[in-house]
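K.L.:
3D model of this:
(one chain, ligands or ions: 1)
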Amino acid sequence: MGSSVQWKHLGAGVVILLAVVALRTLPSEGGQPLRHDHTKEWGYVKVAHRPASELERRLGEIASVVARRPVQVRCEDFSAGKALEPGGVVQFNGEQSADFTRIRPDVCTALLQFMRRPAGTAACARAGSCDSRVLRSADALTVLAHESSHLEGIRNEAVAQCYAMQAVPRIARALGASTEDGHALASLEYAFAYPRMPPAYRSPDCRSGGALDRSPRADWP
Ligand SMILES: [Zn+2]
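P.N.:
Below is the predicted model of the structure:
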């Protein structure tokens, strides 16, 4: 009795298995994929698909100056999935960069806070007493500059990071800081954050007068 029940179950299993094999081996129509996912195409991936907020529009204007072409910024969490560089991301298709960057929301918040209080870095640096808010500002400005360098078409991380620190004074000024404060922010970033970055982001040529010094006659960085 018991054995006949087992056979019934086994028989049902065989029928299901055969049905699955038959489905898998059925040719799809014309050999084409059943669905075409346009969201995977570069033409779709390279542009932003959400209107910019007021802050994003302002940051996009600044990124466009650094990138030397019209680009956009979106403040979005992009951490789902694989490990990416901290702070922001720019997609590449070969050597071609996308037309926008995604910046982590907390970095955008730090940039907004900097816009509200852009002064004081040169003074605190002279006194040797800059608080964490100032270091956070320097980091956030550098992230925006770094992703803007990628948008300029620079894929190499060490080159992008070195150019980024040199763009910090210009970005800081565009967001309301004085020339002196802008240079102080870049100097803080170079002195304290840069040596702690992963090796891929550093280069011995990133120094005053080095091969990656974009304006050897100006103050470094
Ligand atoms: Zn990068």
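K.L.:
Averaging pLDDT per element, find the lowest-scoring helix or strand in this protein.
P.N.:
helix 2-25 (a mean of 46; mean pLDDT, DSSP states H and E).
K.L.:
after it, next one along is what?
P.N.:
On the C-terminal side of helix 2-25, the closest following helix or strand by DSSP states H and E is helix 42-45.
K.L.:
Now do the following helix or strand past that following helix: which elements does it pack against?
P.N.:
Once helix 42-45 ends, the next helix or strand along the chain (criterion: DSSP H and E) is helix 54-67. Helices and strands touching helix 54-67, by 3 or more C-beta pairs under 8 Å, 6 or more residues apart in numbering; DSSP states H and E, are strand 72-75, strand 100-103, helix 105-116, helix 132-151, helix 157-174. In short, each C-beta sits where N, CA and C put it, glycine included.
K.L.:
can you rerun that using 6 Å?
P.N.:
Packing partners of helix 54-67 (3 or more C-beta pairs under 6 Å, 6 or more residues apart in numbering; DSSP states H and E): strand 72-75, helix 132-151, helix 157-174.
K.L.:
relative to helix 157-174, how tilted is whichever helix or strand comes after the last one?
P.N.:
Heading C-terminal from helix 157-174, the first helix or strand you meet, by DSSP H and E, is helix 179-188. What separates the directions of helix 179-188 and helix 157-174 is an angle of 160 degrees, with axes from the mean of the first three to the mean of the last three C-alpha atoms, to 10 degrees.
K.L.:
give me the number of residues near residue 151?
P.N.:
26 (other C-beta atoms under 10 Å).
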